[in-house]
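Peer 1: Any chance you can model this:
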Amino acid sequence: MAEASRIFHTTLLPTFSQNPTTPPVKTSSIHTLPLSRRTKIRCSSISTSSNNDTARTTAAPQPIPWGCEIDSLENASALQKWLSESGLPPQKMDIEKVDVGERGLVALTNIRKGEKLLFVPPSLVINADSEWSFPEAGKVLKQNNVPDWPLLAAYLISEASLVKSSRWSNYISALPRQPYSLLYWTRSELDRYLEASQIRERAIERINGVTGTYNDLRLRIFSKYPHLFPEEVYNMETFKWSFGILFSRLVRLPSLDGRVALVPWADMLNHSCEACERPVETFLDYDKSTKGVVFTTDRPYQPGEQVFISYGKKSNGELLLSYGFVPREGTNPSDSVELPVSLKKSDKCYKEKMEVLKKYGLSKSECFPLQITGWPLELMAYAYLVVSPPSMSSQFEEMAAAASNNTRAKKDIRYPELDEEAFQFILDSCESSISKYTKFLQASGTMDVDVTLPKQLNRKLFLKQLAVDLCTSERRILFRAQYILRRRLRDIRRGELRALQIFNGFRKFFK
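Peer 2: I've put the predicted structure just below:
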């Protein structure tokens, strides 16, 4: 379930230039590939309406003809055989069905802590420079300055459509046909199951981004070269599949100037939350001495144990967004929940406060991450600005700067006279969110579905279970913040009461 590799961009790259410096390839100079060699895909037509409209689709995703069931060992074994024949060195791990995730890499022998594994050669890595089996299509996209992400998405579709004719057919056959990342949820499913969570907005943005990228490519390139990019192959469903693969498997290799790539075999490694917290960084990178993509183990492994990697310090919501799974409650030390806060229009200084917010790239409604250990300084600064009276207008800019992403701004600002109101503002926001989570969880009832066996379940039941797990973990963080805030407010008010009692005692004494 959780097959993926290392950290990737969570947003799509900017749209490519509409006026490429290199002129497009002339149609007459291109030899087309007979469509009979491609796998044809029947999909509903895609509207060219606005992005907001495209996210409102309620139809379930259409099945993709390539790839496999996410727990298929037959295709995974064929992949392993092909990789070995193509230059992958002997491995200390094997693909097996596992408890955490559908498939994973399991130790065959004793593996030491700090040992380097994998050694996938560059010839078995897919990147923007990879050779196309159908080179004319790749040439057109590159001459139109298509960025790496959509270029790789189109590359996957092109190679997949060639079936056995593609060099990568064994790799593509082992990729999941339909993962459970939020990219595959319909708008109605997002609205129904994730209404309480801010990750819903992130999912809608991602779906709109993929849809917009596809529409851009279709209007600017695909429609001009239909013989190279037939709609039965290059359509919204295939792009959603290819982007789903990229979001869950694309890695950034620091030692290769941060280039992004797909690394077959390595992307069978599953994520461990514990691996994010250990001193040994368990992510993929290119090792110049061995000339292969490797990762360093963060602990020893015994034969039969599943070997894990870190996908980065991600919250449960981020893991669901890209990978389609939610860790067990309380097991992810990087878990967080986005707390929505806003400035009311009824504020006496609404205009002045909005001016400084806009100056620092903020709006009247913002979200700040809460963790079980507390909240960021930026949230406290935003709360100070919201509750500050007109008499403190000279401090508005300092507060807005501290609440922004401006790294040069002083973050740890203190206004003790505003602490009580600021804490109360954050508490009210927490309790408003808690009520939304509680409403959803109460309506959902108690569920205990084995999420490691998704194909045996009804789709709606499985998605509902993922939503319940996410909302339970996010509400837990909100409950913790609520507890801390109530204690701080109690201490402040007790301190004020104690000070008042002392003051009255002095007054009586002097009288």
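
Peer 1: pLDDT weak spots in the stretch 351-500 of the chain?
Peer 2: 446-457, 496-500 (pLDDT under 70).

Peer 1: So what's the gap between the biggest helix by length in the chain and the chain middle?
Peer 2: Longest helix in the chain by number of residues (criterion: DSSP state H): helix 459-510. Here helix 459-510 is found 30 Å from its chain centre; the criterion is Cα atoms, centre = their mean, to the nearest Å.

Peer 1: Counting by contacts, list what that helix packs against.
Peer 2: helix 187-193, helix 316-323, strand 337-342, strand 365-370, helix 419-444 (3 or more Cβ pairs under 8 Å, 6 or more residues apart in numbering; DSSP states H and E). Yep, even glycine has a C-beta here, placed from its N, CA and C like the rest.

Peer 1: hmm, 10 Å instead?
Peer 2: Secondary-structure packing of helix 459-510 (3 or more Cβ pairs under 10 Å, 6 or more residues apart in numbering; DSSP states H and E): helix 187-193, helix 199-217, helix 316-323, strand 337-342, strand 365-370, helix 419-444.

Peer 1: Can you dump the C-alpha atoms of the third one in PDB for me?
Peer 2: Backbone C-alpha positions of helix 316-323 (Å, rounded to 0.1, in the frame of the first residue of the first chain) are rendered in PDB as follows:
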ATOM      1  CA  ASN A 316      -0.700  11.700   8.300                       C
ATOM      2  CA  GLY A 317      -2.700  13.900   5.900                       C
ATOM      3  CA  GLU A 318       0.300  14.400   3.600                       C
ATOM      4  CA  LEU A 319       0.900  10.600   3.600                       C
ATOM      5  CA  LEU A 320      -2.800  10.000   2.600                       C
ATOM      6  CA  LEU A 321      -2.700  12.800   0.000                       C
ATOM      7  CA  SER A 322       0.200  11.200  -2.000                       C
ATOM      8  CA  TYR A 323       0.500   7.600  -0.900                       C
END
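
Peer 1: switch to numbering from 511
Peer 2: Happy to do that; since the first residue is 511 now, the last one works out to helix 826-833.

Peer 1: average pLDDT for it?
Peer 2: For helix 826-833, mean pLDDT is 95.

Peer 1: quick one, that helix and strand 875-880 angle?
Peer 2: 100 degrees (axes from the mean of the first three to the mean of the last three Cα atoms, to 10 degrees).

Peer 1: right, so of the helices and strands packed on helix 969-1020, which gets closest to R969?
Peer 2: Judged by Cβ to Cβ, the one of those that comes nearest to R969 is helix 697-703, at 8.9 Å.

Peer 1: Which strands or helices does that closest one pack on?
Peer 2: The contact analysis (3+ Cβ pairs under 10 Å, 6+ apart) places helix 697-703 against helix 709-727, helix 929-954, helix 969-1020.

Peer 1: Could you pull out the buried residues of it?
Peer 2: The neighbour-count check on helix 697-703 (16 or more other Cβ atoms under 10 Å) flags 697, 699-700, 703 as buried.

Peer 1: In JSON lines, list those along with pLDDT and distance to E865.
Peer 2: As requested, those are exported to JSON lines (pLDDT from 0 to 100; distance: Cβ to Cβ, whole Å):
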{"residue": "R697", "pLDDT": "94", "distance to E865": "35"}
{"residue": "E699", "pLDDT": "94", "distance to E865": "40"}
{"residue": "L700", "pLDDT": "96", "distance to E865": "34"}
{"residue": "Y703", "pLDDT": "95", "distance to E865": "38"}
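
Peer 1: all strands of the protein, in order?
Peer 2: Per DSSP state E, the chain carries strands over the ranges 603-607, 613-617, 626-630, 761-763, 769-771, 780-781, 795-797, 802-806, 818-819, 847-852, 875-880.

Peer 1: What's the local residue count around W695?
Peer 2: Look at W695: counted by other Cβ atoms under 10 Å, it has 27 neighbours.

Peer 1: show me the contacts for it.
Peer 2: Applying Cβ atoms under 10 Å, 6 or more residues apart in numbering to W695 gives the contacts 570-571, 701-704, 710, 713-714, 717, 830-831, 834, 969, 973, 976-977.

Peer 1: D938 and P850 touch, don't they?
Peer 2: No: using Cβ atoms under 10 Å as the test, D938 is too far from P850 to be in contact (11.6 Å).

Peer 1: Report the contact partners of the nearest residue to Y860 once chain neighbours are set aside.
Peer 2: Spatially, and ignoring its direct neighbours in sequence, Y860 is nearest to L853 (6.8 Å; Cβ to Cβ, 6 or more residues apart in numbering). The neighbours of L853, taking Cβ under 10 Å, 6+ apart as the test, are 859-860, 863-864, 867, 872-876, 892, 895-897.

Peer 1: Can you tell me which of those residues are buried?
Peer 2: 859, 863-864, 867, 872, 874, 876, 892, 895-897.

Peer 1: thought F933 was touching A893?
Peer 2: Yes: between F933 and A893 there is a contact under Cβ under 10 Å: 7.6 Å.

Peer 1: Which of those two has more residues huddled nearby?
Peer 2: Taking neighbours as other Cβ under 10 Å, F933 and A893 compare with A893 leading, 25 against 20.

Peer 1: What's the separation between the more buried one and I994?
Peer 2: To I994, A893 is 14 Å away according to Cβ to Cβ, to the nearest Å.

Peer 1: and what of A663?
Peer 2: A663 is 44 Å from I994, by Cβ to Cβ.

Peer 1: now, which of the buried ones among the contacts of L853 sits nearest N780?
Peer 2: E876 (33.9 Å).

Peer 1: Apart from its chain neighbours, what residue comes closest to E984?
Peer 2: Setting aside the residues directly before and after it, E984 is nearest to V847 in space (Cβ to Cβ, 6+ apart), at 3.9 Å.

Peer 1: Was I right to think Y892 contacts I936?
Peer 2: Yes: if you go by Cβ under 10 Å, Y892 and I936 touch, sitting 9.1 Å apart.

Peer 1: Put the alpha carbons of stretch 612-620 into CSV.
Peer 2: Taking C-alpha atoms only, stretch 612-620 is exported to CSV below (Å, rounded to 0.1, in the frame of the first residue of the first chain):
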residue,chain,number,x,y,z
GLU,A,612,0.8,-4.5,0.2
ARG,A,613,4.2,-5.4,-1.1
GLY,A,614,7.6,-4.6,0.4
LEU,A,615,11.3,-5.5,0.4
VAL,A,616,12.2,-8.1,3.1
ALA,A,617,15.7,-8.8,4.3
LEU,A,618,17.2,-12.1,3.0
THR,A,619,20.3,-12.0,5.2
ASN,A,620,21.5,-10.0,8.3
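
Peer 1: List the buried residues for that stretch?
Peer 2: Across stretch 612-620, burial judged by 16+ other Cβ under 10 Å covers 612-618.

Peer 1: what about it, average pLDDT?
Peer 2: 94.

Peer 1: How about stretch 808-817?
Peer 2: For stretch 808-817, the per-residue pLDDT averages 94.

Peer 1: mind listing what's buried in that stretch?
Peer 2: Quick answer for stretch 808-817 (16+ other Cβ under 10 Å): 808-809, 811, 816-817.

Peer 1: Check the offset of it from the chain's centre.
Peer 2: 27 Å.

Peer 1: Span of that stretch from start to end?
Peer 2: 10 Å (Cα to Cα, to the nearest Å).

Peer 1: same deal with stretch 605-618?
Peer 2: 10 Å.

Peer 1: again, but for stretch 833-846
Peer 2: Using Cα to Cα, one end of stretch 833-846 lies 17 Å from the other.

Peer 1: Tell me the buried residues in it?
Peer 2: 833-837, 842, 844-846.

Peer 1: Check stretch 668-687 too.
Peer 2: 668-672, 676, 678-686.

Peer 1: Out of these, name the ones that lie in helices.
Peer 2: Using DSSP H, the buried residues of stretch 668-687 in helices are 668-671, 679-683.
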